[in-house]
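Q: just to be clear, the model below is a prediction. Sequence and coordinates:
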Amino acid sequence: MWHPLSVSPVVEAWSAYRTSTANQWKPRDLVRAKGSSTVSVVLPARDEQDTVGEIVRTIRRHLVDRLPLVDEVIVVDSRSSDETARVAGEAGARVVDQDQMTRGLPRLEGKGDALWAGLAAAHGDIVAFLDADLREFRPHFVTGLLGPLLADPSVVYVKGFYHRPLEASVDTERDGGGRVTEIMARPLLNLCWPELAGFVQPLAGEYAGRRDLLEQLPFVSGYGVELAMLIDLLEKVGLDALAQVDLGERHHRHQSTEALGRMAAQILYTAWSRLYRQGTVPTAEPAAGALTQFRRGGATPPGLGREVVVHDVSVSERPPLAQLRAAVPLRTGVL
Ligand SMILES: O=c1ccn([C@@H]2O[C@H](COP(=O)(O)OP(=O)(O)O[C@H]3O[C@H](CO)[C@@H](O)[C@H](O)[C@H]3O)[C@@H](O)[C@H]2O)c(=O)[nH]1
Ligand SMILES: O=C(O)[C@H](O)COP(=O)(O)O
């Protein structure tokens, strides 16, 4: 047993063993290693018309047209109210509609449901997920995620990590980004799932996995999807089948503190479900599924000088796709 304040030997050994950097993985070598297997890239996108086009074009230019590494680029339009679908389509993505993909099933909210719809739409043996709000996007985000999977059959899932600047309109805090990660998710994981403490960016939206494994996982509907996936993967395949890759620096659109509060609440709600499954907490759901926030300037209720805003932060889950396919025999690429 190690001293609680020292680096966990599990984490240390795993990081040394399973961590690579994106520039280690040369695109031409990956094409060779890929052989006849197929790769899909899936981008969940809600109102990302400003960024999604450039990401799709970059992937197509470098990894579809110049080198045959990526076989399809799918953008899941997640109920956008802007031109996301048109922009993505014009850039060369196959655009699928979250609601069309899940028609006939209960309507669920948020990113996790978009990812599940994207996995259902994808044909690849390997599926890589990327957020659609990335700026200064470069192809090494994709090659880095694919490298360990194509080079080593014992790796089944790869998570990206990076430096995270916090970019405000006036200045940049070099390592100020990842606020939910640093203030909530990392402490939570360290305390409750210490084997996962070696993941540098546990909430990263950039990761890749083998499709047959991804299809065995439930997908939590909202922003808890990444946390749940790591915990479920740890239980299902163990730490040694997981890897992480250094993607350098990541720039993205920052959400407001208020929106991040709702994200954090969804993640905590999700963690609760896993703690319940492990027998650590007594009830299947936390005491409440609502988050009350106070916004400057309103007059409801009177006397507070604030507006009270209440959000439902509960999450649901889509079942593993493999379960659905077993119940209703379906080809890949459709639900
Ligand atoms: O209902 C939604 C909400 C978001 N998104 C997309 O999901 C991606 C990530 O969403 P974003 O709101 O930009 O999340 P971040 O603030 O960047 O949150 C970080 O932390 C989240 C919680 O773990 C992860 O899901 C994110 O991938 C990760 O980047 C973007 O492409 C969104 O357009 C959807 O497709 N549908
Ligand atoms: O991953 C996170 O912690 C959240 O997406 C917040 O990221 P940001 O602080 O870089 O906006």
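A: Thanks, I have the structure now. Ligands and ions are numbered 1, 2, ... in the order given.

Q: quick check, L191 in a helix?
A: Yes - per DSSP: H, G, I helix; E, B strand; the rest coil, L191 lies within a helix segment.

Q: roughly how far apart are it and M184?
A: 11 Å (CB to CB, to the nearest Å). From N, CA and C alone the C-beta is placed, and that goes for glycine too.

Q: which one's more surrounded, those two?
A: Each of L191 and M184 has its neighbours counted (other CB atoms under 10 Å); M184 has more, 20 against 9.

Q: R86 and D113, how far apart?
A: Distance from R86 to D113, counting by CB to CB: 22 Å.

Q: how about A197?
A: 28 Å.

Q: for L166, same thing?
A: With CB to CB as the criterion, L166 and D113 are 28 Å apart.

Q: helices of the stretch 101-250 of the chain, start to end?
A: 111-121, 140-151, 179-180, 186-192, 211-214, 225-237 (DSSP state H, counting those that start in this stretch).

Q: what's near enough to touch the spatially most central residue of the chain?
A: Closest to where the C-alpha atoms of the chain average out (CA atoms, centre = their mean) is G205, at 3.2 Å. With contact set as CB atoms under 8 Å, 6 or more residues apart in numbering, G205 has these partners: 44, 111, 129-131, 226.

Q: can you check F219 too?
A: Contacts of F219 (CB under 8 Å, 6+ apart): 112-113, 115-116, 119, 225, 228-229, 317-318.

Q: just to revisit the earlier point, more neighbours: A197 and D113, which one.
A: Comparing A197 with D113 by neighbour count (other CB under 10 Å), the higher total belongs to D113, at 30 against 18.

Q: would you confirm that the more buried one contacts R318?
A: Yes - between D113 and R318 there is a contact under CB atoms under 8 Å: 6.4 Å.

Q: anything in contact with each of these two?
A: 102, 219, 221.

Q: show me what contacts the last one?
A: With contact set as CB under 8 Å, 6+ apart, S221 has these partners: 108-110, 112-113, 315-318.

Q: what do you get if the cut-off is 10 Å, keeping everything else the same?
A: Contact analysis of S221 by CB atoms under 10 Å, 6 or more residues apart in numbering lists 106-116, 266, 270, 314-318.

Q: what of the first one?
A: With contact set as CB under 10 Å, 6+ apart, T102 has these partners: 108, 113-114, 116-117, 120, 318, 335.

Q: what would those residues look like in CSV with distance to A33?
A: Supplementary listing: the contacts of T102 in CSV, determined by distance: CB to CB, whole Å:
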residue, distance to A33
L108, 36
D113, 32
A114, 29
W116, 28
A117, 29
A120, 27
R318, 31
L335, 31
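
Q: nearest to ligand 2, of those residues?
A: Nearest to ligand 2 among those: A114, at 15.8 Å, using CB to the nearest ligand atom.

Q: good, wrapping up.
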